[in-house]
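Novice: show me how the following folds:
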Amino acid sequence: MEEYARQRILQYLQDEEVQQRIREDIRRTQEEATVTIGRAADLFELLNESKLREMEVIGLLKPMRKENKGQRQYAISELGKLAIIHDLMKAKFGVQDIPRDIDEIWRSLVPLNISQEESDGNGAFLPIDQRIDAEKSLVLWRYYVPQALRVSLMLIREILPNSTIGLILPLYRPASDIVPPIDRLSMLGESLVGWLNSDGSFHTTYTPYPSFQYPTDYYIYPLAEMRNEELLEPAEDSTYLVLERPDKRVKKLTLNAPYVKLIRRLLSPMYQEGPLMQECFGLGVRDERISAADINTMVGYQDPILEGLANMVIRLGGKTANGQNHWRFCTILMPDTTISTLPLQQRSLVTRAQSDDGPYSVGEAVVLPEKSKTSIGIRAFQSGRVIYRPELSSKDRTLVLLGIEGPVRSNIAIPVGAESGTPLAVLYVASDERDAFSREDQQLLRIMGRFVENALNTYTSRLQVAKDLRSLMRAPEVADVFFSEFLSENDFMRHLEGLLLDPNSWFKIEWLSELDEIGDGKGQSESDDVLSFIALDIDDQESLANRYGDQIMRHLNKTVGLRIQEYITSLVTRSASCRLYYMFADRFYIILRGFSLENAREIAVKLQRSLSGNLSLKPSEVSDSILIIPNITVHMAITSYKREKLDQMLEEYSSVVDISTKITQELDSALKLGLDEGGNVIISFDPAFAAFKRWEPAE
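Specialist: Residues are numbered from 1 along each chain as shown. Predicted structure coming up:
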């Protein structure tokens, strides 16, 4: 009965409204609670009522008098100040010497005097440098725990796609066959919770009393082998699995023994480090650490997460009967990025992290492929396969490896990130025992390799986000500098709108001032009469992209743009009146100021001929290799507007934005016609038919 009442109380106190009400009452009582002047004097041996009145007179204390009561009353905050004053008096400071704001002075010094135990339990009052140092000791656990919980749940959800599932780890509850009712989970006590929603989002949380707002929506099971949610074995630990009710799922869960064993193994360190779990994920203030080290450029630096994962590998390997580790050391090898142009077979590996007993020098130990033919790390990196040697002899290893690693009897190398192409790293583990890596061990090491991969990819993403911020500040409009040689779509719209409002505005644009002298001497009045446009797309973009990939296509588009730029200069004498714009993907626009429709057609024909045929690319800036793309063709569109037409449009439309939008839409529609005709054509506006038609020059 006593336990039943306790559980009811716990459940009642978890209600948010109840908690808010109690917090308000506590705050109010602390504000309103007072003691009399006599009781205040009794609390401190050196004080009496006379001395307290003296402090009031000089403004050191500020007692209050409640309504209908003349006696002085001291609030809790004043008693705290009085404690400081009392200690100063014991140190022979006079009352007149004590500053009136002594309580403020004390609060400013509290972080320098308060211990970890006297703080809020997570170091929130520690000095900044101490808090940062304290956070370093927790960084591995704050990374490993969410990773292990999420992967465990993903393993389970492979059997139940799109389900909402969770794991509850009671940190101080022994293994038991008794499964608590779903509406009385609070009896589990302090627990770590991993929760995977149906949308793929994941949460790690800590709770002193787990519960659900709607308990009937879920079922709870011990983590154990089961078939259609019927248990086939007793529980070996206190982990519980929470599932949606069957009516919300297509099928029932079946968990095979290998899955259960792997999950238990991943979660076991959390039970062994219960106090750390509370410190990392418990209630209170939390600092956030963002790890984003450029590991490849920091000689001798051992990243705390990678180092922690290497140590975790050794820990998860377990111990022998005499207390020795089954696996002696673990290293994380990464390719040397200082010579990134070398082919895969020639890249060396550098030790970037290792466990505490690792024999290598981090950042300095290099495995060279030409000198370490027997290194399974090199072989795993080059092949993308797990390489395992269950038993080693001295003939399997070079004298160098024997001298560094000692009498290793078996070892294994796990390529990290090989599923996505070239491995990012290699996880190398060595043991003094034969046959030290079972199939279950290999499953575990593959998972640990995923944790390493995630950390490395996260570092790369974070470094990329903070890369070259100075350029961002200098040119916020330029995101991809690869096409910086060309004017942009924004430039096209801005220049077009300026020309619509003022035909001479082009010559007022600063970046064109140096080109004004290139003209052929003809009067500028001709340029006021007409604006012509050429739009261009490369044919068969989709098939080219499928064959060569996106990176080659970027180089192809840039090469085409540079060739257009070159031919504009050679074909157009008045180049100050002609500008090229890179719009997007493979699309380019050209503005021809002062060129008639007939002139624009002539330029388009010459341009199409110059771009047709084989195109030579240099895909890499650090390599002299040339790639030939054969049989390139383009389709083009031409429009032209005389000044009278533009003036008419200015009167008809409400803004120049509407006109510029109409001009671009007509160009895009004409390009679509060229694509529909199979490409390698020129589509031009035909004034005689007031429509776009295929145009071919007369022979």
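Novice: looking at this protein, which helix or strand is least sure?
Specialist: Here the helix or strand of the chain ranked lowest by mean pLDDT, DSSP states H and E is helix 2-13, holding a mean of 58.
Novice: surely residue 277 touches residue 141?
Specialist: Yes - assessed by C-beta atoms under 8 Å, residue 277 is found in contact with residue 141 at 7.4 Å. From N, CA and C alone the C-beta is placed, and that goes for glycine too.
Novice: who's more crowded, these two?
Specialist: Taking other C-beta atoms under 10 Å, residue 277 and residue 141 do not tie; residue 277 has more neighbours (22 against 19).
Novice: please state the mean pLDDT value computed over the helix or strand hosting that one.
Specialist: Counting by DSSP states H and E, the element that carries residue 277 is helix 274-281. Average pLDDT, helix 274-281: 86.
Novice: got the buried residues for that helix?
Specialist: 276, 277, 278, 279, 280, 281 (16 or more other C-beta atoms under 10 Å).
Novice: out of these, the closest to residue 98 would be?
Specialist: residue 279 (38.4 Å; C-beta to C-beta).
Novice: what sits against the nearest residue to residue 160 once chain neighbours are set aside?
Specialist: Using C-beta to C-beta, 6 or more residues apart in numbering and skipping the chain neighbours, the partner closest in space to residue 160 is residue 253 (5.7 Å). By C-beta atoms under 8 Å, 6 or more residues apart in numbering, residue 253 lies in contact with 156, 159, 160, 226, 228, 229, 243.
Novice: got a markdown table for the buried residues of helix 274-281, with distance to residue 439 too?
Specialist: Below are these laid out as a markdown table (distance: C-beta to C-beta, whole Å):
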| residue | distance to residue 439 |
| --- | --- |
| 276 | 31 |
| 277 | 30 |
| 278 | 35 |
| 279 | 35 |
| 280 | 32 |
| 281 | 33 |
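Novice: what about the strands in the stretch 1-150 of the chain?
Specialist: 34-36, 64-65, 72-75 (DSSP state E, counting those that start in this stretch).
Novice: deepest-packed of those strands, please.
Specialist: Mean neighbour count (mean count of other C-beta atoms under 10 Å) peaks for strand 72-75 among the strands of the stretch 1-150 of the chain, with a mean of 19.
Novice: residues in contact with the residue nearest the centre of the chain?
Specialist: Centroid check for the chain by C-alpha atoms, centre = their mean gives residue 458 as the closest residue, at 5.4 Å. Contacts for residue 458 (C-beta under 8 Å, 6+ apart) come out as 291, 292.
Novice: so for the helix or strand where it lies, mean pLDDT?
Specialist: Using DSSP H and E, residue 458 sits in helix 439-465. Averaging pLDDT along helix 439-465 gives 94.
Novice: any buried residues in it, and which?
Specialist: Applying 16+ other C-beta under 10 Å to helix 439-465 flags 441, 444-456, 459 as buried.
Novice: now the helices: where do they sit in the stretch 301-450 of the chain?
Specialist: 304-316, 376-383, 399-405, 439-465 (DSSP state H, counting those that start in this stretch).
Novice: I meant to write the stretch 51-200 of the chain there.
Specialist: 76-90, 102-113, 128-136, 139-157.
Novice: ok, and for the shortest one, which residues are buried?
Specialist: Read that as helix 128-136. Neighbour-count burial for helix 128-136, counted by 16+ other C-beta under 10 Å, picks out 131, 135.
Novice: what angle separates it from helix 274-281?
Specialist: 120 degrees (axes from the mean of the first three to the mean of the last three C-alpha atoms, to 10 degrees).
Novice: what is the orientation angle of helix 128-136 with helix 139-157?
Specialist: Going by the same axes, to 10 degrees, helix 128-136 makes 40 degrees with helix 139-157.
Novice: before we move on, the earlier item: and which of the buried residues of helix 274-281 is nearest to residue 627?
Specialist: Using C-beta to C-beta, residue 280 comes nearest to residue 627 of those, at 51.2 Å.
Novice: related to what we said a few turns ago, now, among the buried residues of helix 274-281, which is nearest to residue 297?
Specialist: Among the buried residues of helix 274-281, and counting by C-beta to C-beta, the member closest to residue 297 is residue 280, at 29.7 Å.
Novice: spit out the contact partners of that closest one.
Specialist: By C-beta under 8 Å, 6+ apart, residue 280 lies in contact with 138, 141, 142, 145.
Novice: for the residues you listed, pick the one with the most neighbours.
Specialist: Within the contacts of residue 280, most neighbours by other C-beta under 10 Å means residue 145, with 24 neighbours.
Novice: what stretches of the stretch 351-500 of the chain score poorly on pLDDT?
Specialist: By pLDDT under 70, the weakly predicted segments of the stretch 351-500 of the chain are 370-374, 394-402.
Novice: apply 90 and report the result again.
Specialist: 361-379, 382, 392-407, 418-422, 460, 462-485, 494, 496-500 (pLDDT under 90).
Novice: ranges for the strands of it?
Specialist: Counting by DSSP E, counting those that start in this stretch, the stretch 351-500 of the chain has strands at residues 366-367, 387-389, 410-416, 425-431.
Novice: pick the most buried one from those.
Specialist: Comparing those by mean neighbour count (mean count of other C-beta under 10 Å), strand 425-431 comes out on top with a mean of 27.
Novice: state the pLDDT value of residue 133.
Specialist: So, for residue 133, pLDDT stands at 76.
Novice: in contact with it, which residues?
Specialist: If you count contacts by C-beta under 8 Å, 6+ apart, then residue 133 has nothing around it.
Novice: that one and residue 300: what is the separation?
Specialist: Remark: distance between residue 133 and residue 300 (C-beta to C-beta, to the nearest Å) = 19 Å.
Novice: now do residue 448
Specialist: 24 Å.
Novice: and if you look at residue 656?
Specialist: Taking C-beta to C-beta, one finds residue 656 at 61 Å from residue 300.
Novice: ok, these two, which is more surrounded?
Specialist: Counting neighbours by other C-beta under 10 Å for residue 656 and for residue 300 shows that residue 656 has the greater number, 18 against 8.
Novice: the more buried one reaches residue 494, doesn't it?
Specialist: No - using C-beta under 8 Å, residue 656 is not in contact with residue 494; the gap is 10.6 Å.
Novice: neighbours of residue 166, how many?
Specialist: Count around residue 166 with other C-beta under 10 Å applied: 23.
Novice: contact partners for it?
Specialist: 153, 193, 194, 195, 196, 241, 242.
Novice: deepest-packed of the helices of the stretch 51-200 of the chain, please.
Specialist: Highest mean neighbour count of the helices of the stretch 51-200 of the chain: helix 139-157, a mean of 20 (counted as mean count of other C-beta under 10 Å).
Novice: identify the residues contacting it?
Specialist: 163, 165-167, 192, 194-196, 202, 204, 241, 253, 255, 259, 262-263, 266-267, 269-270, 273, 276-277, 280-281, 289, 291, 304-305, 307-309, 311-312, 447, 450-451, 454-455.
Novice: now swap in stretch 233-245 and tell me
Specialist: Against stretch 233-245 from outside (C-beta under 8 Å, 6+ apart): 156, 160, 163-170, 173-177, 179-180, 188, 216-225, 229, 249, 253, 257, 263-264, 267-268, 271.
Novice: how far away is the nearest residue to residue 448 once chain neighbours are set aside from residue 52?
Specialist: Among residues not flanking residue 448 along the chain, residue 313 sits closest, at 5.4 Å (C-beta to C-beta, 6+ apart). Residue 313 sits at a distance of 65 Å from residue 52 (criterion: C-beta to C-beta).
Novice: who has more neighbours, those two?
Specialist: Shown here are residue 313 and residue 52; by other C-beta under 10 Å, residue 313 has more neighbours (26 against 22).
Novice: quick one: contacts for that one?
Specialist: If you count contacts by C-beta under 8 Å, 6+ apart, residue 313 has them with 327, 330, 355, 427, 429, 445, 448.
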